[in-house]
Every structure is written in C-alpha cells, then in structure tokens.
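Novice: Structure for the following, please:
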Amino acid sequence: MSTATSRPVPTGAEIGDGHPLTLSLLVLTLVSGIVDGVSYLGLGHVFTANMTGNVVVVGFAIAGAPGFSAAGSLTSLGAFLLGSAWAGRLAIRHRHSSRPTWFRTALLLEASLQALATVIGFTVGVRHTQLGLIAVLGLSMGLRNGTVRKLAVPDISTTVLTMTLTGIAADSSLAGGANTRLRRRVLTVVAMIAGAAPGAALVLHGHGAWALLLATTLVTVVALVYRER
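Specialist: Coordinates of the predicted model:
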C-alpha cells in the first residue's frame, strides 16, 4: 500500500512536464541539436543523432549527389546501432536498480564519449574526413537513444521530432483534439532549435570543438544533478 512517505514511482507514460526526467530529456534534446549541428556542418553532411537523415543521405550519396558521404553516414549508422545495443544491455544490467541510478550511469557513459569526441575535436580538428569522430558521436547518441527508448517518456525521443510534430498537429484543436501534451511537444522542438543554432554558429566560425565541449558539459551536469523526489 502506498503511503505519504512511500509513493509508487511513476512510469514513463505517467511522468509530467515538471518531472526531473522530463526536464533532463529536454536538455538532452538541446544537446542533440548541438551535436547534429557539428556533425552535419563540420563532418561532411552526416547526422550523428538523427538517423532518419543519415538513411536519406546514404541514398543521396548513392545517386551521386555532391557533398554527401556514404562512408560517413554508414559509419554513423553502424556506431549508433552499436550504442543502442549497448543501451539495451545496460538496461538489463540495471533492471534491479533505481531509475536515477540507471539513468545517471547511462548519462555518465554518454558524457565520457562526448568528452572523447571533444578531445579529438581539439587535437585533430572537426573536418569531413574524421570518421573516428563520427563513430564516437554516433555511439554516444545511440547509447542515449536506446536509453531514452527504455525510459518510454512520451513525445521526447531527444534525437528526432517527426512524431512530436505530428502529435502537435494531429492532436490540435484544429484537428478536433485536446492539445495533448502540447507544452512538452513545443518545448522539445524549441530545445532542438536552441541547441542547433549555437552548435551551427560555432562550427561556422571554426569552433566546432568548443561546441562539442558545450555538449559534454551539459550532459555531465545533467548526470550529476539528476534526482527524483
């Protein structure tokens, strides 16, 4: 029986907009915007967070469209899948742990990979031929996406917005809906833009490594401060 001091832990579907997990996922969505800004603009039109984009880019490259790298996109896709599998194994390993412990562990692993990417960025540079950097970023985003999928918080995948945007329109008053989770959905879109803009600006001014440092710092902070009441 639940008491005032022992309340059931909400599942992902029950988590509200003000819950620490929702807020953390919004910050991670911002990080995804930064990372894709770096990878797409600095690493040769390759996505390391948005895999739908990568699949399309592979098609462009096969067709011979200039400026697109099949090698880079396939490297990112492979690393992302490996990271997602890693997330699945991590979830099994922590199935008896509390959600904060499991989530924090995944975030610290992601932060470590982001830190490695940052070191590569500062020492070697952020340029089109950096398949190693693409692989590390893809691995980190796969680990994140796999973890978020297991958390199952509606409308915040942290890496893609297609279903979120669909929900905004399909559940709107215009469509006869009740605007379900509208604030969360809108904030998710805003967070992605808020990350992509500074990430792109830093890359365009030759500071891609600093954008990676910013991403690393944000993930680390979330990992260290995350708590659930």
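Novice: which residue ranges form the helices in the chain?
Specialist: Under the criterion DSSP state H, helices of the chain are mapped to 20-42, 51-62, 70-93, 99-123, 131-151, 162-170, 182-204, 208-225.
Novice: Now do the third one, average pLDDT.
Specialist: Per-residue pLDDT over helix 70-93 has a mean of 96.
Novice: Quick check: end-to-end length of stretch 170-187?
Specialist: By Cα to Cα, to the nearest Å, the extent of stretch 170-187 from end to end equals 17 Å.
Novice: low pLDDT regions in the chain?
Specialist: Along the chain, segments meeting pLDDT under 70 span 1-8.
Novice: ok so, going back, let's have the helices of the chain in CSV, adding distance to Gly176 and mean neighbour count.
Specialist: The way it works is simple: take the backbone N, C-alpha and C, and place the C-beta from them, glycine included. Formatted as CSV, the helices of the chain follow (distance: least, Cβ to Cβ, whole Å; neighbours: other Cβ atoms under 10 Å):
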stretch, distance to Gly176, mean neighbour count
helix 20-42, 26, 24
helix 51-62, 28, 17
helix 70-93, 36, 19
helix 99-123, 35, 20
helix 131-151, 30, 24
helix 162-170, 10, 15
helix 182-204, 14, 19
helix 208-225, 37, 21
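Novice: Excluding residues flanking it in the chain, which one is nearest Thr162?
Specialist: Thr52 (7.1 Å; Cβ to Cβ, 6 or more residues apart in numbering).
Novice: do Asp17 as well
Specialist: With Cβ to Cβ, 6+ apart as the criterion, Asp17 has its nearest non-adjacent residue at 5.1 Å, and that residue is Arg184.
Novice: Kindly report the same for Trp210.
Specialist: Nearest residue to Trp210, sequence neighbours excluded (Cβ to Cβ, 6+ apart): Leu202, at 5.4 Å.
Novice: before we move on, the earlier item: with distance to Ala13 added, can I get the helices of the chain in CSV?
Specialist: CSV is the format used below for these (distance: least, Cβ to Cβ, whole Å):
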stretch, distance to Ala13
helix 20-42, 12
helix 51-62, 24
helix 70-93, 17
helix 99-123, 14
helix 131-151, 10
helix 162-170, 14
helix 182-204, 12
helix 208-225, 22
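Novice: mind checking which of those is nearest Gly12?
Specialist: Nearest of the helices of the chain to Gly12, taken as Cβ to Cβ: helix 131-151 at 5.1 Å.
Novice: what angle separates that closest one from helix 51-62?
Specialist: Here helix 131-151 runs at an angle of 140 degrees relative to helix 51-62 (axes from the mean of the first three to the mean of the last three Cα atoms, to 10 degrees).
Novice: so who does the residue lying closest to Leu133 once chain neighbours are set aside touch?
Specialist: Nearest residue to Leu133 in three dimensions, chain neighbours excluded: Ile120, at 4.9 Å (Cβ to Cβ, 6+ apart). Residues near Ile120 by Cβ atoms under 8 Å, 6 or more residues apart in numbering: Gln130, Gly132, Leu133, Val136.
Novice: Surely the third one and Thr123 touch.
Specialist: No: taking contact to mean Cβ atoms under 8 Å, the distance of 10.4 Å between Leu133 and Thr123 leaves them out of contact.
Novice: coming back round to it: so which of the contacts of Ile120 would you say is closest to Leu26?
Specialist: Nearest to Leu26 among the contacts of Ile120, counting by Cβ to Cβ, is Val136 at 24.0 Å.
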